[in-house]
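> With the sequence up front, the predicted model follows.
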Amino acid sequence: MRTLFYQSSVHWNASSRAFAVAARGLAARGEPVTVVCRDASRAQAGFLQEGLDVVGVPPATTVARDAWRLRAVLKEKFIEVVFLHTEREHLVASSAMRLAERGAVIRRIPAGGAPAAGRSGKFADRMATSLMLFSTASDRDRAGLADRARVAPLGVDVARVESARAPARAMLGMKDEAQLIVCAIDDRAGTRVTTAMRTLALLAERHPQLRMAFVGRSDDADDTRMQAAPLGATSLVKFLGERPDMPAVPAAADVGWVTAGGDDGAFACLDFMAARVPVIAERSSLVSHFVPDGIAGVLLPAADPSDTASAVARFLADEGTRKAMGNAGYTRAQRDFREDAMIEGFAAAANAAGDRSLWAAR
């Protein structure tokens, strides 16, 4: 099966990572795989770092122009199936498929999400055979798409972070005695990031070695930095931003705090668990799917920072519980969330979409 992964965003995020893992896995099976993304972008650098066949295209202009550009790649590479994420990408790829007179489209829905039902998505469905790919069975069932839906569960390679703690802490400039909370953020974290920052400020006096590192892309990053000054936390925090080595960062942590949602939040949970790091997060259906409360971490109700600080302080003081939760999380990640199961889900979806009888029916 000749497969293409299409990403129009310039950013390297957890959804990009899902595509990179799947593309690398399919390529390792001998499948021809191509990635199309924006030229000279963080995304392109990330996919190239994974050793993939990457085609860079100019920045987005119109759907029609992007479709013609993609059509050229489809014909040159004899692509049969295209994976993508957004509704606009769906319209671009479906148009390109129609122009190239070949193939099917698989739209992957980020963890915890639901497919949008806008006009462009409905039009794209009519242009080319389309399937939806979800990260959990509950996401799939909630969408109610019957045989048009498939599942590829998110997974991690725990071996990649074995013995990674020391080099990860050195990379972040953390001293041995520092107690580090790594906080995974995204554009939707909002007040959850504020709660984490204020919790750090409330705990700082009694925990002088406590530090926090924020990792992930957020449009509110500048606001978060400004919050640190009046709270007296400027010297206690690091802002790491969007990083291609995100799987290695959690290994530096003593505690992982997940404020991100979607794929960013899901992969953060798995990365902390793979690194034997216990997780703190506000309770949600997404986090609960990965982190069993009281076993691999502590799931908190939405609360004000003083209540959260009390719970976190108790957690920081109990090293034995933290270690047990870290080990339990590692076991769960290794057993239930493996990369090979994720790759198999992508492969099964590609094989289903590659049924040429469906193309003819369109």
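Nice, thanks for sending it over. Numbers count the residues shown, from 1 in each chain.

> give me the number of residues near residue 157?
16 (other C-beta atoms under 10 Å). (C-beta placed from N, C-alpha, C; glycine too.)

> And for it, nearest residue in space, chain neighbours not counted?
Excluding its sequence neighbours, the residue lying closest to residue 157 (C-beta to C-beta, 6 or more residues apart in numbering) is residue 339, at 4.8 Å.

> go on, residue 129?
residue 104 (4.0 Å).

> Name whatever forms a beta bridge with the one you found.
Taking DSSP bridges, one obtains residue 81, residue 129 as the residues bridged to residue 104.

> re earlier: quick check: the residue nearest to residue 157 vs residue 12, distance?
Between residue 339 and residue 12 the computed distance is 18 Å (C-beta to C-beta, to the nearest Å).

> which of the two has more neighbours?
Shown here are residue 339 and residue 12; by other C-beta under 10 Å, residue 12 has more neighbours (24 against 19).

> Quick check, pLDDT for the more buried one.
Looking at residue 12, its pLDDT stands at 94.

> so what's the residue nearest to residue 157 up against?
Neighbour list for residue 339: 21, 25, 155-157 [criterion: C-beta atoms under 8 Å, 6 or more residues apart in numbering].

> how far does the longest helix anywhere in the chain sit from the chain's center?
The single longest helix within the chain, with elements called by DSSP state H, is helix 319-336. Its chain's average C-alpha position is 21 Å from that of helix 319-336, according to C-alpha atoms, centre = their mean, to the nearest Å.

> just stretch 138-150 next, same as before
20 Å.

> Also stretch 142-154?
18 Å.

> and that stretch, which residues are buried?
143, 149-154 (16 or more other C-beta atoms under 10 Å).

> wait, isn't residue 290 in contact with residue 337?
Yes: contact criterion C-beta atoms under 8 Å: residue 290 and residue 337 qualify, at 7.1 Å.

> Those two: which is more packed in?
Set side by side, residue 290 and residue 337 show more neighbours around residue 290, with 27 against 22, by other C-beta under 10 Å.

> and that one, backbone torsions?
phi -100, psi -40 (degrees, to the nearest 10).

> mind checking pLDDT for it?
For residue 290, the predicted pLDDT is 97.

> Identify the spatial nearest neighbour of it, chain neighbours not counted.
In space, residue 290 is closest to residue 269, 4.1 Å off (C-beta to C-beta, 6+ apart).

> Mind telling me what element the one you found is part of?
Applying DSSP states H and E as the criterion places residue 269 in helix 262-274.

> Next SSE downstream of that helix?
strand 279-282.

> List the contacts of the closest residue to residue 158 other than its chain neighbours.
What sits nearest to residue 158 in space, not counting adjacent residues and going by C-beta to C-beta, 6+ apart, is residue 274, at 4.4 Å. The contact partners of residue 274, taken as C-beta under 8 Å, 6+ apart, are 156-158, 160-161, 247, 250, 329-330, 333-334.

> List just the nearest of those to residue 44.
residue 247 (19.0 Å; C-beta to C-beta).

> Got phi/psi on the closest one?
Residue 247 adopts backbone torsions of phi -60, psi -20, taken as degrees, to the nearest 10.

> Give the burial count for it, as a bare number.
21.

> Residue 14 versus that one, what's the distance?
10 Å.

> Send me the host helix or strand of residue 340 as CSV with only the CA atoms.
Secondary structure assignment for residue 340, by DSSP H and E: helix 339-353. Extracted C-alpha coordinates of helix 339-353, given in CSV (Å, rounded to 0.1, in the frame of the first residue of the first chain):
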residue,chain,number,x,y,z
GLU,A,339,3.6,1.5,19.5
ASP,A,340,3.2,-1.7,17.6
ALA,A,341,-0.5,-1.7,18.3
MET,A,342,-0.8,1.9,17.1
ILE,A,343,1.1,1.0,13.9
GLU,A,344,-1.1,-2.0,13.3
GLY,A,345,-4.2,0.2,13.7
PHE,A,346,-2.9,2.6,11.0
ALA,A,347,-2.0,-0.4,8.7
ALA,A,348,-5.5,-1.9,9.1
ALA,A,349,-7.1,1.4,8.3
ALA,A,350,-4.9,1.9,5.2
ASN,A,351,-5.8,-1.6,4.0
ALA,A,352,-9.5,-1.0,4.4
ALA,A,353,-9.3,2.4,2.6
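
> Next, report how far it is displaced from the centre of its chain.
Worked out by C-alpha atoms, centre = their mean, helix 339-353 lies 17 Å from the chain centre.

> Let me see the mean pLDDT of that helix.
96.

> ok, now stretch 257-264?
So the average pLDDT for stretch 257-264 ends up being 95.

> Okay, residue 59 and residue 245: tell me how far apart.
The value you get for residue 59 to residue 245, if C-beta to C-beta is used, is 26 Å.
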